[in-house]
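Asks: this one's sequence-less:
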């Protein structure tokens, strides 16, 4: 019976490690694809590059954060947990700041549209 539990624990640990690697990989791919798209948009002088890049970074960070949270399942020592906790807090703070930047950038992009929609006071 102890051998079966040990085998199950090993299999579970391997499954979690695979999940962590997949989440980290998806985060890296999202960031690379977003960066390539933004470079192309920048070279073509398209607008909204900052917003697209910020959204891509936020999405990549969410995947990376998911990997860190999943990694907490297999942590065995307190110092590992503290390091993971610090990483999670830092990535969470970065995600929060990037979402704040996205909100501000959307407001900045929408501001000229709202200004153009309003009739001029001089014409009335």
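Replies: Ah, there it is. Note that the structure is predicted; figures quoted are calculated from it, not measured. Residues are numbered from 1 along each chain as shown.
Asks: max-length helix in the protein?
Replies: Longest helix in the chain by number of residues (criterion: DSSP state H): helix 2-43.
Asks: give me the below-cutoff pLDDT ranges for this structure.
Replies: Low-confidence segments of the chain, defined by pLDDT under 70: 113-124.
Asks: what residue is smack in the middle of it?
Replies: Relative to the mean C-alpha position of the chain, the nearest C-alpha, by C-alpha atoms, centre = their mean, is the one of residue 61, at 2.3 Å.
Asks: excluding chain neighbours, what is closest to that residue?
Replies: Computed as C-beta to C-beta, 6 or more residues apart in numbering, the closest residue to residue 61 that is not its neighbour in sequence is residue 95, at 4.8 Å. All C-beta spots, glycine's among them, are computed from the backbone N, C-alpha and C.
Asks: check which helix or strand the one you found maps to.
Replies: According to DSSP states H and E, residue 95 maps onto helix 78-117.
Asks: from the contact counts, what lies against the longest helix of the chain?
Replies: If you count contacts as 3 or more C-beta pairs under 8 Å, 6 or more residues apart in numbering; DSSP states H and E, helix 2-43 packs onto helix 49-71.
Asks: can you list contacts of the helix it packs on?
Replies: Helix 49-71 is contacted by residues 16, 19-21, 23-24, 26-28, 30-31, 33-35, 37-38, 41-42, 84, 87-88, 91-92, 94-95, 98-99, 101-102, 105-106, 109 when judged by C-beta atoms under 8 Å, 6 or more residues apart in numbering.
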